[in-house]
Each structure stands twice: as structure tokens, then as C-alpha cells.
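Trainee: With the input below, show me the fold.
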Amino acid sequence: MQNIRLRRLIIIAMLSGIATVLMKLNFPLPFIPPFLKIDFGEVPAVVALLALGPWAAIAVEFFKNFFYLILTGSITGVPVGEIANFVTGLLFLLPIHFIYRAVRSKKGLIGGLIAGTLTMAIGMTVLNYYVFLPMYTYFLGMEAYQGEQLIQFLVAGILPFNVMKGLAVTAVVLLLFQKMSDWFSRQHQQLQLTK
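Mentor: Sure thing, here's the model as predicted:
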């Protein structure tokens, strides 16, 4: 029992480290505002979700952003970007968990990834409108987007960015799932035995 717990902690730590590195390897997309950058930091969190369950995935998301903040610092003095990234990860992971738990197959995973992408894209568009863009405006002293300009930025920038990020992460996760499905099953069985 203790060995299994220790192994789980080691896997979470390793996945958090990999997620941090992947988050650092971010890149902008053409036709999207350049401060919005794609990264694959959610992939290890999905691996943790499939192998160890939702709490492990949330831990990977948290530590990824915590380590990233330590390595890079925050331009605002308040970790607005890291908080937004953590929330983005939760919006992506939770639908995957609920759908894959109900339909434990590749179809269930695909359904969860699609639902996660949509939830992330719509959720972050709404949260940017009400929470994160006002926080950036306040802490950075930037000129705020107003009215139609704000809606256009959200619809033409934030929404498609999160859809593209979700699709990119989905493609990588599905490739990994093909190669690692036996490992996911073994980890899940061991997890059930320790409950």
C-alpha cells in the first residue's frame, strides 16, 4: 500500500515536471494575438487523469503552474496568467473525467476531449470577459478593451485560440492513448485496489 502511494507521488511529480517544461515550450499562432501562446502542458495532466484519477490531474495542473511561476516570475506581480492557465486546465480536464469514467473506452475519451475543448473554449471566453482581462487591465495598467472591441477580441482571439489548443492537445493525447492504453488500465486497476 505504501509503495503504491509512493509510486503515485513519484508519477505525479514526474508528470508535473514534464508539464512545466511543455508549458515553457510555448509558441504563438498566426492570426491570433501574440500573447496567446499554445503549449502542451495539459497533456501530462490528462495522462495523470487517465492513470491515477482526477485529484492527480488537478495536482499536476497546480504544480505545473506553481513551478512555471517560480521559473519565470509574474509580469503583473500577481500570477494572473498562471491562475488563468490553471482554470483553463480544470475546464479541460473535468469533462474528460466525467465522460471517460462513464464510458471507459477510446470513444469515451474522444467524447471527453471534445467536451473538454468546448468547455475550455466557451468557459475561458466568458471568464476572460468577466475576470481575467479586467485583472490584467488592473494589474498591468493596460487600456481596457471596451464594448464591441472587447467582444471582437474574445470571439476572434480567445475563443479560437482555446479551440485550437484543445484540438492540439486532443491529437497528442489520442496518440499517447494508442501507445499507453495498457499502462493506463494497469494504473487504474491498482488505484481501485488501494481505495
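Trainee: contacts for stretch 93-111?
Mentor: Contact with stretch 93-111 is made by 42, 45-46, 49-50, 53-54, 57-58, 61, 112-113, 115-116, 118-119, 170, 173-174, 177, 181, as judged by Cβ atoms under 8 Å, 6 or more residues apart in numbering. Using the backbone N, CA and C atoms, a C-beta is placed for each residue, glycine as well.
Trainee: Write the PyMOL selection for whichever of those residues are buried.
Mentor: Typed into PyMOL, the line below selects the buried ones among the contacts of stretch 93-111, using 16 or more other Cβ atoms under 10 Å:
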select buried, resi 42+45+46+49+50+53+54+57+58+61+112+113+115+116+118+119+170+173+177
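Trainee: Helices - which of the contacts of stretch 93-111 land there?
Mentor: Per DSSP state H, helices hold the following members of these: 42, 45-46, 49-50, 54, 57-58, 61, 112-113, 115-116, 118-119, 170, 173-174, 177, 181.
Trainee: Just the element for the most centrally placed residue in the chain, please.
Mentor: For the chain, the residue sitting closest to the mean C-alpha position, by Cα atoms, centre = their mean, is G89 at 2.7 Å. Using DSSP states H and E, G89 sits within helix 80-102.
Trainee: Report the distance from that helix to the chain centre.
Mentor: Counting by Cα atoms, centre = their mean, to the nearest Å, helix 80-102 is centred 6 Å from the centre of its parent chain.
Trainee: The residue nearest to the centre of the chain against A45, yeah?
Mentor: Yes: using Cβ atoms under 8 Å, G89 makes contact with A45 at a distance of 5.8 Å.
Trainee: Check the contact lists of these two and give me the overlap.
Mentor: E61, K64.
Trainee: Grab the nearest non-local neighbour of A45.
Mentor: V60 (4.4 Å; Cβ to Cβ, 6 or more residues apart in numbering).
Trainee: got the contact list for that neighbour?
Mentor: Here V60 is in contact with I12, L15, S16, A19, P44, A45, A48 (Cβ under 8 Å, 6+ apart).
Trainee: now do 10 Å
Mentor: With contact taken as Cβ atoms under 10 Å, 6 or more residues apart in numbering, V60 is in contact with 11-20, 41-49, 52, 89, 93.
Trainee: ok, of those, which come out buried?
Mentor: Buried members of the contacts of V60, scored by 16+ other Cβ under 10 Å, are 11-12, 15-16, 18-20, 41-49, 52, 89, 93.
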